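# Structure here, sequence nowhere to be found:
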């Protein structure tokens, strides 16, 4: 025994508590091979063994190993009385049960099953790493009860290899471990932190490992917020089984009425389900309204949610999501979410070897002040079918598809669409190395619209009644990869050109529901139709050209893409000004990527005005670091001057990161800054540098304890949601809760 270990064992005998060998977890253990199956006979292995015929006493000495029914005992000396069935082990005794829990002691008496018995000076090491040391203990029917005990999951060995006091521990007059229920129970327990008693309870229990479903009180959380004041959440966890549980959490605020939060989880044989909500009784304006226009009106306010995915069979699957709030600002006011649109959906899918089918429905709740409920669409039903046979047709791949969509509004335009298409595509490599891809497509659409005069914008409206169109299209795509060694690696230059043709002026009298937010970028440059949906079609004759260059070398990857398209037709296109597609020549688009190892990544996406080379889209994302210490920086500027598009121009920078130090400590932070000025967007109220939100926190995390303090400030106000500071305090004790 080392000098520092001996000193520790002497110093830990506090107030009659035996703190034996919290560091003796490796005492003379010998691997006896796989544990025996239930019903096998008891077996011995030792350096020497004696048997007395008169007393029927078996004595084993030196590296003794005894196994039976999945239990294993090791010791310096073991006596087995065949008459009474008693087993007495002495010297560095170690007993391992089938679950992996380990018991240590200097002297142990067991029955011949090795399950039950008495132990002096016991140390119980649970399979999750938690340690339970006691003066004495007894195990009956697999349950261990110890007296004058101390429990801690914290490390008791320092970085210098010497024992140390655990960061926190629970002392109790009596402790019982029930492996069947996977819980530890205490009587007359006190919680000590850094050796100082901070909490006493006559009874306490917790799971014997992380991730256990066990009924009990969870650790409260505390938040300080300008709008809500000091809030304390007191969650209570109800475990019905290993597959379903319920969490009920009353929340008390100093500035508003209390709230109640519930969450139910159920892991079914088909998949996971989750439902929950939070509710309170309060007014939407419970502080002075600066404009003097609000009238406080106490009412029920709340939010419900649910989601799940169920695998009904090998081919059929359904997914759903539910989110509803009683009013626009409840989620932000009560610090639940900052989403401005809530989506509700159900989707049923069938996956075949050659086919795919889906039917779904969507409903939305807009939370912005300008949202009008009567103009919010309900998409029900949406159906999509695709079939692509594995056999080639004419040397190419054939894909047949059909889909329908029905969009309904209570106070706006209603539309219905049915489409069917057939696409044939064939690729070949020429003797000179070019990859040539030919595509042929024919699609037919039937539309029906009502109340088109109530469309949000006239450009989105179609003609009331029935409309139809046929859309044939063809394209020839040629790529020529050129590869060779360069700069210590391999570089590849791939010029690409595509010729496509389809009828123009096919969008007249067709309503536009899904093709509004159009934007040219590197991902859709070579698409047959660069509108994002099916309601608008990009017709005419055009040529698209570009190139990709990449360099691959050990731990390095550089890639750059650049391209443009030219439309041969002189007639004005279907694209609004500012999209980069409105003239004969499109804008230039591209993407640059630099990746060094696994700790540095830069992606730059851009769009250049075809005439002035002005940056119309400039987006940069940088990631540096590893899992412990990292930084991310993002910048985006959209300068498109599209007055009718859903996405307005903006300029924004965001940054976040984490710095780990001193082994267990870390600092985290994030910030979002709105750089949009009135010159860029006349409707914007920002001065060109306005904070949106920032967060700064410090956290401590070791093997048994977590602590964090986070400061967040919001700079955006919306009705009864005010800008201000929020402070979150979080504490987690391993196995006791968060």
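That came in fine, so what should we check first? Only a predicted model underlies this, so the values are computations on that prediction, with no experimental measurement involved. Numbering: from 1, shown residues only.
# which residues touch residue 194?
167, 168 (Cβ atoms under 8 Å, 6 or more residues apart in numbering). For the C-beta atoms, the positions are set from N, CA and C on the backbone; glycine is no exception.
# Look up phi and psi at it.
phi 60, psi 30 (degrees, to the nearest 10).
# Tell me the spacing between it and residue 167.
According to Cβ to Cβ, to the nearest Å, residue 194 and residue 167 sit 7 Å apart.
# what about the strands in the stretch 501-650 of the chain?
Using DSSP state E, counting those that start in this stretch, the strands of the stretch 501-650 of the chain run over 540-553, 556-567, 588-596, 600-608, 615-625, 630-638, 650-661.
# the helices in the chain, which residues?
Counting by DSSP state H, the chain has helices at residues 3-11, 330-333.
# Skipping adjacent residues, who's closest to the residue most central in space within the chain in space?
Taking Cα atoms, centre = their mean, the centroid of the chain lies closest to residue 307, which sits 14.1 Å from it. Excluding its sequence neighbours, the residue lying closest to residue 307 (Cβ to Cβ, 6 or more residues apart in numbering) is residue 321, at 4.7 Å.
# That neighbour: what's it in contact with?
By Cβ under 8 Å, 6+ apart, the residues touching residue 321 are 306, 307, 343, 344, 345.
# repeat for residue 460
By Cβ under 8 Å, 6+ apart, residue 460 lies in contact with 413, 511, 512, 513, 516.
# go with 6 Å
residue 512 (Cβ atoms under 6 Å, 6 or more residues apart in numbering).
# how much space between it and residue 332?
Going from residue 460 to residue 332 by Cβ to Cβ gives 29 Å.
# Likewise for residue 705?
32 Å.
# These two: who's more crowded?
residue 332 (23 against 19; other Cβ atoms under 10 Å).
# Just to check, that one is in contact with residue 721?
Yes. The pair residue 332 / residue 721 is scored as a contact, 4.4 Å apart, by Cβ atoms under 6 Å.
# overlap in contacts of these two?
Listed as contacting both residue 332 and residue 721 by Cβ under 6 Å, 6+ apart is no residue at all.
# What is the neighbour count of the residue nearest to residue 476 when sequence neighbours are not counted?
Excluding the flanking residues, the one nearest residue 476 by Cβ to Cβ, 6+ apart is residue 499, at 4.9 Å. By other Cβ under 10 Å, the residues close to residue 499 number 15.
# and if you look at residue 77?
17.
# Beta-bridge partners for it, please?
Beta bridges link residue 77 to residue 61, residue 90, judged by DSSP bridges.
# now do residue 230
Listed beta-bridge partners, residue 230: residue 224 (assigned using DSSP bridges).
# For the stretch 251-400 of the chain, which residues score under the pLDDT cut-off?
Residue ranges of the stretch 251-400 of the chain with pLDDT under 70: 284-297.
# so the residue nearest to residue 476 makes contact with residue 474?
No. Contact criterion Cβ under 6 Å: residue 499 and residue 474 do not qualify, at 8.7 Å.
# Could you check how far residue 437 is from residue 185?
Distance from residue 437 to residue 185, counting by Cβ to Cβ: 69 Å.
# same question, residue 467
Look at residue 467 and residue 185: by Cβ to Cβ, they are 73 Å apart.
# Over to residue 390?
Between residue 390 and residue 185 the distance is 60 Å, computed by Cβ to Cβ.
# Name the residue in those two with the higher neighbour count.
Neighbour tally, residue 390 and residue 185, criterion other Cβ under 10 Å: the higher count belongs to residue 185, 18 against 7.
# got a list of what that one touches?
176, 205.
# Try it again at 8 Å.
Shown in contact with residue 185 (Cβ under 8 Å, 6+ apart): 175, 176, 177, 178, 203, 204, 205.
# right, and the pair among those with maximum separation?
The distance between the two most remote of the contacts of residue 185 (Cβ to Cβ) is 15.0 Å, for 177 and 203.
# Which residue of those two possesses the greater neighbour count?
Legend: neighbour count by other Cβ under 10 Å for residue 177 and residue 203, higher for residue 177 (25 against 10).
# what separates that one from residue 170, distance-wise?
Distance from residue 177 to residue 170, by Cβ to Cβ: 13 Å.
# what's the answer for residue 96, then?
Per Cβ to Cβ, residue 96 is found 24 Å from residue 170.
# Those two - which one has more neighbours?
residue 170 (24 against 21).
# Any stretches of the stretch 1-150 of the chain with poor pLDDT?
The stretch 1-150 of the chain contains residues with pLDDT under 70 at 1-42, 112, 114, 128.
# Tell me the one of the contacts of residue 321 nearest residue 64?
The closest of these, once distances to residue 64 are taken by Cβ to Cβ, is residue 307, at 55.4 Å.
# Pairing-wise in the sheet, spell out the partners of the nearest residue to residue 45 once chain neighbours are set aside.
On the basis of Cβ to Cβ, 6+ apart, the spatially nearest residue to residue 45 that is not a chain neighbour turns out to be residue 65, at 4.4 Å. Under DSSP bridges, the beta-bridge partners of residue 65 are residue 45, residue 74.
# Can you get me a residue count around residue 65?
Residue 65 sits with 20 neighbouring residues when counted by other Cβ under 10 Å.
# now swap in the one 4 residues further on and tell me
For residue 69, the neighbour count with other Cβ under 10 Å is 18.
# do the same with residue 436
Here the number of neighbours of residue 436 (other Cβ under 10 Å) works out to 14.
# Equivalent analysis for the one 4 residues further on, please.
Close neighbours of residue 440, defined as other Cβ under 10 Å, add up to 16.
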